[in-house]
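Participant: structure of the sequence below:
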Amino acid sequence: MGEFLAGVFVPVLAVSMGASVLLTSFIVVAYNLAVFLSSYIFGRAADIYGRRFFLQCGLGLSAMVFMVQVVPSTFHRDPYLLLLTMALAGISVGLYSPALMAFVVEEKKKLGRFMSWGAVGWGIGTLLAGVLASFLQIFVLSSLLFMASFAISLYLPKFKERLYIVPIFPVKVIRRNLDVYIAMTLRMVGATAFWWFFPVYMSVNMHIGLFWVGLMYTINAFTQFIVMNFLDSYKSIRMVHWGLALSATVFLVMGLVTVLWQFLVLYIFVGVAWALLYVGSSKYVMARCDEKATASGLLNSTLSMAGVVGPFLGGMVTVSFGYRTNFFTAALLTIAGLYLLVIRGWGPGKR
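Facilitator: Below you'll find the model as predicted:
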């Protein structure tokens, strides 16, 4: 919950500091690039050296970094300092995420049910962020939540972890999952093109308060929670197919609506689509590889790389054609991913 509590309104914070659209894009890119590199490096390391150490280090580092973000958000309002602290936050998030996913799978837990609680954390976090409406309180609470997570991690059940020899460039893992990695990247490039700037668009262009933006994300998250609890028995690749199809449809419709309640309804379908995609893709890549932290880390890396490309794309599209064009761009990219995965049957291996 701490990660999402602080992250949703960072673009709004950057704009309030006087950051341009381009600089706001760089702040978002810095975070996602850091997650990309960190997930790749530490996901592989967790398979080689063990998950517990990296899980605990990541949570502990996150608690410190999110507390440090109080400085640029409140006491020294400098967007360049915010960029630096967001990059550090990305490193800490990428440190613990792959290890946590692999830990759950190796403990034979139901992945969909576990991920649903992450969605609950996101929902509560965004709602609290909207209610608090104070960046000082948001970052302090985020840090405290990470501290609580770190304390809980110290009491996780101990078991003998199976370690693997993973090359620096894990070709085998990439080849086995390349079709889903590509499809998810295309979808997320389109989604992040508008997602990171959506709070700014709603507050500045549509004059809608941050509470309503937080409520939209909360609806999305709690929809994910409900749906994810029913997905463990379904075939993973089919969930990805349906998630891509629903995403493309929703993005297209979002480009046409103009009223707050319509966005609120659409965010229910956004939640369903992402639940299908995230659970389906995570189950898919980890089921096909023994190096589960590496596979999960690479999935996180592809999503984060999309978060590097997407904000740049969103910024260019917004400047050239207006913000709403980003929704149609997202729909087209998602359709391209679905085409490669389903119609072309692109990618090695059997599904």
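Participant: now name the helix or strand holding residue 92.
Facilitator: Assigned by DSSP states H and E, residue 92 belongs to helix 79-106.
Participant: can you tell me which helices and strands that helix packs against?
Facilitator: Helix 79-106 sits against helix 2-7, helix 10-16, helix 21-49, helix 51-68, helix 111-132, helix 260-287, helix 292-321, with contacts defined as 3 or more C-beta pairs under 8 Å, 6 or more residues apart in numbering; DSSP states H and E. For the C-beta atoms, the positions are set from N, CA and C on the backbone; glycine is no exception.
Participant: so residue 56 makes contact with residue 155?
Facilitator: No - taking C-beta atoms under 8 Å as the definition, residue 56 is not a contact partner of residue 155, at 10.8 Å.
Participant: tell me which of the two has more neighbours.
Facilitator: Neighbour comparison, residue 56 and residue 155: the larger count goes to residue 56, with 19 against 7 (by other C-beta atoms under 10 Å).
Participant: which ones are touching the more buried one?
Facilitator: 96, 150, 153, 154 (C-beta atoms under 8 Å, 6 or more residues apart in numbering).
Participant: quick check: the first one vs residue 341, distance?
Facilitator: Looking back up the chat, that one is residue 96. Going from residue 96 to residue 341 by C-beta to C-beta, to the nearest Å gives 29 Å.
Participant: please say which of these two ends up with more neighbours.
Facilitator: More crowded of residue 96 and residue 341, by other C-beta under 10 Å: residue 96, with 29 against 22.
Participant: below-threshold pLDDT in the stretch 1-150 of the chain: ranges please.
Facilitator: Low-confidence segments of the stretch 1-150 of the chain (pLDDT under 70): 1-9, 105-114, 117-123, 125-134.
Participant: and the helix or strand harbouring residue 226, average pLDDT?
Facilitator: Per DSSP H and E, residue 226 falls inside helix 210-228. Helix 210-228 carries an average pLDDT of 83.
Participant: and stretch 306-314, by the same measure?
Facilitator: In this model, stretch 306-314 has a mean pLDDT of 83.
Participant: what do you get for stretch 152-161?
Facilitator: Mean pLDDT, stretch 152-161: 77.
Participant: only alpha carbons, please: show that stretch as PDB.
Facilitator: C-alpha atoms of stretch 152-161 as PDB (Å, rounded to 0.1, in the frame of the first residue of the first chain):
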ATOM      1  CA  ILE A 152       6.300  -8.600   9.200                       C
ATOM      2  CA  SER A 153       8.900 -10.000   6.700                       C
ATOM      3  CA  LEU A 154      11.200 -10.900   9.600                       C
ATOM      4  CA  TYR A 155       8.600 -13.500  10.700                       C
ATOM      5  CA  LEU A 156       7.900 -15.100   7.400                       C
ATOM      6  CA  PRO A 157       8.100 -18.900   7.600                       C
ATOM      7  CA  LYS A 158      11.500 -20.300   6.900                       C
ATOM      8  CA  PHE A 159      12.100 -23.000   4.300                       C
ATOM      9  CA  LYS A 160      15.100 -24.300   2.300                       C
ATOM     10  CA  GLU A 161      15.200 -22.200  -0.800                       C
END
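Participant: noted, bye for now.
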